[in-house]
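1. kindly generate the corresponding structure for this input.
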Amino acid sequence: MNLIVKRFHELTTTELYEILKARAQIFIMEQSILYQDMDNIDYQSYHCFFMEEDKVVAYLRAFYQDDAKTVVQIGRVLTIKHGNGFGKSLMEQSLKLILEKMPCKKISMDAQKHAIGFYEKFGFQVVSHEFLEEGVVHVVMELDV
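-> Model (predicted):
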């Protein structure tokens, strides 16, 4: 599956709608997280996603965490269909893209605790204690590049 990568202003209205729908399906409906998803960070992000039959089936966004552009933050990582390799492909292809388009010293994420093992497979390491974010246990994970 080919990764689609776009800046916010490059997204079609259909792509944006499907991204927001997928994020609501996973984080609000499936995980019962009540939060304001649209946080203005989307405007400055690269949006990396797979589509199947005109629906977003895997997604993440990447943006610079700091003004010095030394740390890229990954967030809103999701897959609609679990256990089919979409998550692995999404991370592999997105990390490659980030390194090409977003020069940085480190890639960081606030990872849900249950996903630590998944992210460790890509070289991420836990660098914080557990904390609650929107009622879900998270840790900060980083990858030095």
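
2. since we're on the nearest residue to Phe63 once chain neighbours are set aside, how many residues are nearby?
-> Of all residues not flanking Phe63 in the chain, Ser45 sits nearest, at 4.2 Å (C-beta to C-beta, 6 or more residues apart in numbering). C-beta coordinates here come from the backbone N, C-alpha and C atoms, glycine included. Other residues lying near Ser45 total 20 when counted by other C-beta atoms under 10 Å.

3. next: the one 4 residues further on.
-> Here the number of neighbours of Phe49 (other C-beta under 10 Å) works out to 22.

4. pretty sure it is in a strand, no?
-> Yes: per DSSP: H, G, I helix; E, B strand; the rest coil, Phe49 lies within a strand segment.

5. for the residue nearest to it when sequence neighbours are not counted, phi and psi?
-> The spatially closest residue to Phe49, leaving aside those adjacent along the chain, is Tyr59, at 4.2 Å (C-beta to C-beta, 6+ apart). Here is the backbone geometry of Tyr59 (degrees, to the nearest 10): phi -160, psi 150.
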